[in-house]
Structures are given as structure tokens and as C-alpha cells.
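S.K.: using only what follows, build the 3D model:
(one chain, ligands or ions: 2)
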Amino acid sequence: MTALPLSDLSDLTTKPLSVLQSVFGYGQFRGPQAEIITHVIAGGDALVLMPTGGGKSLCYQIPALVREGCAIVVSPLIALIQDQVAALREAGVAAAGLYSGQEPAEQREILRSLTNGTLNLLYIAPERIQTPAFLEAADHARLALFAIDEAHCVSQWGHDFRPDYRALTLLHERWPWVPRIALTATADPPTQTDIIRQLKLEAARHFVMSFDRPNITYRVVGKKDPKRQLLSFIQDEHAGDAGIIYCSTRKRVDEIAAWLKEQRVSALPYHAGLDSKVREAHQTRFLRDEGVVMVATIAFGMGIDKPNVRFVAHLDLPKSIEAYYQETGRAGRDGLPATAWMAYGLQDVVMQRGRLDASTAPEDHKLRERGKLDAMLAYCETAECRRTFLLRQLGEDLPKPCGNCDICHDPVETWDATEAARKAMSAIYRTGQRFGAEHLITVLRGERTDKVAEHGHDRLKVFGVGSDLSKDTWRSVLRQLLAVGFVTSDPEAYGGLCLTDAARPVLIDGQPLRLRRDPMAQTGSRSPAPSSDKRTPTLSAPEQALFQHFRGWRLDLARDHKVPPYVILTDATLVDIVRLRPASLEQLGRIPGIGRSKLERYGVAILEQLRAHR
Ligand code: ADP
Ligand code: ZN
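M.R.: Ligands and ions are numbered 1, 2, ... in the order given. Next up, the predicted model:
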């Protein structure tokens, strides 16, 4: 691997905006990018907290091109390094990556170009930093800046702790005059404080952006037949799209992936139990092919910077709001519409509570975990805007409801459920506090099953008192009673439901209770997304066909160049091309994402195809 010559860039003025336009093909800076870039170019240190898809890379890539010397970018994953380097080279930038597994000759060559001053950016895996070869080469090189990507890896509180990141204090100690910029999308305050302390960034300027991701639609559906629900969600709204499906266990990952494959969804499993070669191959296919659906445990995702993941689905309840937000944030980095979809049911509550109760962890740890679970349940059962709820948990206030979640689209009513709750709770009590929801519902509705007869439950006073409500309504009532903590599951009775002290005011003292009316309890499924096609919403049928044509063309090119398709051109750029139908190179060059180098490489081919598809 050798670096591209700098000649492409030599005639640029060194102003950040013109680099943005001519190299990356974008018209304006986004949010605080301009401020961050100016600060780093001037030699300042920075800590940047920005949501996924916010545009962190440009915050160090542009200073790297404007400042003299080579920027060193620390990045935790080889796949990430390779893709970033490929994308920069596509844009005509002299970039290289240094990581384990490369031939020694190749590594020497790269380090030589570092000292020669022919590189703009060198991406490096953290464990390479301490090697004598790198230290020596860097000592002789002119260094533009250090960028520490995925900076939360330095913290044990973060979810991706990497011991090698601890060694990064060395950068500051050995080259104190080189500015440093640390970047992360992890919002939670303890991790932030830890990053600052570990990397000694106390004096750095902090840039904190809103963590809102307005292009993601949030939706929670009641779990009935999760596989079928998932399949219709994919078929109705995201056929042919790339997506991630999170499940809580390896077994379930394998099962769902196999089933989806039978249903002709190109799904692949990913979890820590798979051979590392298989895992790597699946990850590569997810990144390099179009429309692959990854079914995964949470082991999958860090540093997945594929911009056109169109949906993230959860079939099991995530462990916390932070984890959920991080996982759903992997959708829609390109700013185009994307969906975060979750199926949630009574059994999830029972299982998660049971898991915590049975755990042998210290009590204070369990208490914290219960708090996280309760927040997650409250999210599922909320009657207010989902985004308002999520952002509040992350310490941010949304001024008004978002207009882009299931609750905003279809406001939830509440109903006086005092009577129903009392009936449900006395059914629990009178059957001995040891039966699961489904049996309780048959008793409430007066159904004469074998199990009912066996236990003589048809002789109870509560038998049949709830025949006026549907099964789904009863499920919804029981689920909400579990979520608010009036009812819990008893690990001694194999998850049978029992009452807690919290139920007393409603059960005995006559306090009224309002519950949310579950839309799925009435119609069977939540109404689908309001606009009929969330994928590429503004495209007409012929435009959609042309878009698919360009995706095919891009995929062929990407395979030739051995890079992921979005490195050639992003979906957002393709959408603009088919909508605006530029008639000349000059018009094409004005489309966001088409910089000078892409115009040279692909401009003529794009115009020819547009002419052929009139
Ligand atoms: P992050 O690392 O913060 O998740 P990226 O740096 O990968 O985000 O950027 C996300 C997407 O937004 C990329 O496709 C990138 O090219 C695009 N992008 C970044 N900055 C701008 C900008 N100023 N104008 C238009 N697109 C941008
Ligand atoms: Zn909303």
C-alpha cells in the first residue's frame, strides 16, 4: 500500500471550507464542525461529543489537510481503519493504515512515507503506538495532530474498554506540542469524565452536540408472534435494505438468522460463539454488500460506520436506555430516514426481572441494574413522545414532541383500568400467586381448558369475570402491572406472577389506576409507518428504479476496488443524482458528496447512465 501523491491537493487554498468543498464535495459545515476545525487548526486540544452520524471524521480530517505534516488517527478496529483509508483515497487524499497483520515490508514503507512527509493521515491501531518502529518514525516526522477516535474505549465505564487506549497518554508526554482531538458518541457523564481524566484533556475545549437523531423513527410494538412481526416489518418497510437485528442470546441469533434466510431475507448471524473467521466474513459481507441484515448479539456494532443501515430492530429488551440509544444510533448515519423498531412483551419483563432476582451479584449492583431495567420498561410503556423520553434520560430537553415516533404519529390514549387491574390482581391472588400470564388470562376470560379443570380454577370467584376484555387487552394490563411493579414474577415458582406491596393502594384502598390503551391490543398490530415508503421517501417509481440501477453500478465498482459501496458514493448522493438529474459535469459537481476526485473518476460514467435512462 503506497500513499497517493499530494499533487491533487497542492493547488488548494488552505481554507477549511474550500477543502470541505473540493475534497469532500460538501457545501457547508454541519453544526459545530467549523468551530472545532478552526480550534484544532489553531493548535488547540479538543474533546468532541457528537452522536453517531454527526460528522466527527471531518473534524480531524480537515485540520489534517490544512495543518502541515501528517495527522495520526488512533482507531480501535482494523475494519474501521481500512474503510476510512479507502474512503479518503477515493477522495484523493494521501492516507494509510498501520495495524497488526500487515507484511513487515508494507509497514516499513508506510512509516517511511510518514517521515518523508508524503502522508496526510496515518490511521493506527492503538497497540502499534508503543512499537519502537512507530515511535522512531514519528520522532522524525512532522506531526499535524493526534486524533483519538472512539475515545470512550479508554474508559472502563464505557462499553468497549480497550486497555491499549490507556497507553495514549504517551502521545501527550512525548509530543506535547502536537494538538490532540478526542472524539466519541458515548453520551453518559461518568464515561465522559473518565475520558478527560485518562487522556489528560482537562485543558482541552469541550464541544458537546445534541444527541438527537431526527432522521430515526422510533417505534415499539407489542410482541405477539415476533418472527412474523419482524418479517412483515422488513417486507413492508425495509425490503432489500441493510439492517441490524439485536437478540439477547446466541441461540436466538442463530434461530432468527436461519429463519429469515428461509424467508429469503439475506440475513447473517453474528455473535461471540462463532468462529472468528466466520464472524469476520459476515462483518465484511455486511459492510461490502448491499442489503445484508445482520442478526446479532450486542457483540456486533462498535465502529460499524456503514452509513446506510436503514433499520435497527430489537427482538429482546435492551439492558439500559444508554445501550438502546447506542444500538439504535447505528441506523441512518447518512441522515436519510431510518427506523428503530422494537418488539416488546410481557415475557421480556418476566425474564429480565427473573434474571436479576436470580443473579448472585452484589445487592447494590442489582439495584442499579433494576433501575436501568425500569427505565427501559417505562420507555416501552410511555404515553409521551419517545424521543422526548430518550433524550431526557440522556440529560437533554427536547422543546416539543418530535413528530417522528409512533406516539407522535398515533397518540396513545389512557383508560380507567382500575376495575380490570383489580380483577387481574385478584386472579393472581386466588390462584395462589404461581401461574403465568396466559393461564391467568384463560381464568379471567372463563375458558375451560384442561389446566383450568385440573386446578379447579373454574370454581373460583374470578373465573370468567374478565370475559368482556380481549386476550390482548389482558396481556397489556398484566404487562403494565409488571412494568409499574404492582406485579412481579416469582423465581421460586418458575416465573409465576405474584403481587407486591406496591399493589396495595389499587387492590385494597380503592386508588384509581389509568393504563395506556394499547393500540396493538385492538387491531393486532400497530399501524405501519405513516408514509408508505420510509426507505427513500422522496423518490417516485422511475426514480426508485434508477436509484436501484445506480446501486448496482456502484456495487460492481466497489467489488472491483475492494471497498464498501458507500466509499464510492453514499446513498444520499445517489438519491440526489436521480432526483436532480444533472446534465453536465458542472451541475454534477454541485451535488453534496461529489468532490473533485469523484467527479474526475465517475462523472462521465454517471452522466452517460443518466442519458441512457431518460
Ligand atoms: P460520525 O463519525 O460522527 O458517526 P461521520 O464522520 O461518519 O459521522 O459522518 C456521517 C456522514 O455525514 C458521512 O456520510 C459524512 O460524509 C457526512 N457528513 C459529515 N459532515 C458533513 C457535512 N458538513 N455536510 C454533508 N455531509 C456531511
Ligand atoms: Zn415523538
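
S.K.: separation between residue 516 and residue 138?
M.R.: Plainly put, residue 516 is 58 Å away from residue 138 if you go by C-beta to C-beta, to the nearest Å. No exception for glycine: its C-beta is placed from N, CA and C like everyone else's.

S.K.: for burial, what's the neighbour tally of residue 431?
M.R.: By the measure other C-beta atoms under 10 Å, the count of residues near residue 431 is 20.

S.K.: sorry, slip of the keys, the one I care about is residue 426.
M.R.: When counting by other C-beta under 10 Å, one arrives at 17 neighbours for residue 426.

S.K.: same question, residue 438
M.R.: Around residue 438 there are 15 other residues, counting by other C-beta under 10 Å.

S.K.: quick one: it from residue 253, how far?
M.R.: To residue 253, residue 438 is 26 Å away according to C-beta to C-beta.

S.K.: next one: residue 581
M.R.: Distance from residue 581 to residue 253, counting by C-beta to C-beta: 43 Å.

S.K.: these two - which one has more neighbours?
M.R.: residue 253 (27 against 16).

S.K.: mind listing the strands for the stretch 401-550 of the chain?
M.R.: 414-416, 487-490, 496-499, 514-516 (DSSP state E, counting those that start in this stretch).

S.K.: same deal with the stretch 51-200 of the chain?
M.R.: 70-74, 95-98, 121-124, 143-148, 180-184.

S.K.: quick check: mean pLDDT across the first one?
M.R.: Translated: strand 70-74. Average pLDDT, strand 70-74: 98.

S.K.: likewise the last one?
M.R.: Within the predicted structure, the mean pLDDT of strand 180-184 is 96.

S.K.: ok, longest helix in the chain?
M.R.: Looking across the chain with DSSP state H, the single longest helix is helix 541-561.

S.K.: would you mind measuring the gap between the ends of stretch 91-111?
M.R.: 22 Å (C-alpha to C-alpha, to the nearest Å).

S.K.: and it, what's buried?
M.R.: Buried residues in stretch 91-111, counted by 16 or more other C-beta atoms under 10 Å: 91-99, 102, 107, 109-111.

S.K.: show me how far it is from its chain's centre.
M.R.: Here stretch 91-111 is found 30 Å from its chain centre; the criterion is C-alpha atoms, centre = their mean, to the nearest Å.

S.K.: secondary structure element for residue 325?
M.R.: Per DSSP states H and E: residue 325 is located in helix 321-328.

S.K.: for residue 247, what are phi and psi?
M.R.: Phi and psi for residue 247, reported as degrees, to the nearest 10, are phi -130, psi 160.

S.K.: any weak-confidence spans in the protein?
M.R.: Within the chain, the segments meeting pLDDT under 70 span 1-14, 157-159, 187, 302-303, 491, 493-495, 519-537.

S.K.: coming back round to it: of the strands of the stretch 51-200 of the chain, which is nearest ligand 1?
M.R.: Across those, ligand 1 has its closest neighbour in strand 180-184 (7.3 Å, C-beta to the nearest ligand atom).

S.K.: CA atoms only: put the closest one into PDB for me.
M.R.: Extracted as PDB, the C-alpha positions of strand 180-184 are listed here (Å, rounded to 0.1, in the frame of the first residue of the first chain):
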ATOM      1  CA  ARG A 180      -5.000  16.400  20.200                       C
ATOM      2  CA  ILE A 181      -8.600  15.800  19.400                       C
ATOM      3  CA  ALA A 182     -10.600  13.000  21.100                       C
ATOM      4  CA  LEU A 183     -14.000  12.000  19.700                       C
ATOM      5  CA  THR A 184     -16.800   9.800  20.900                       C
END
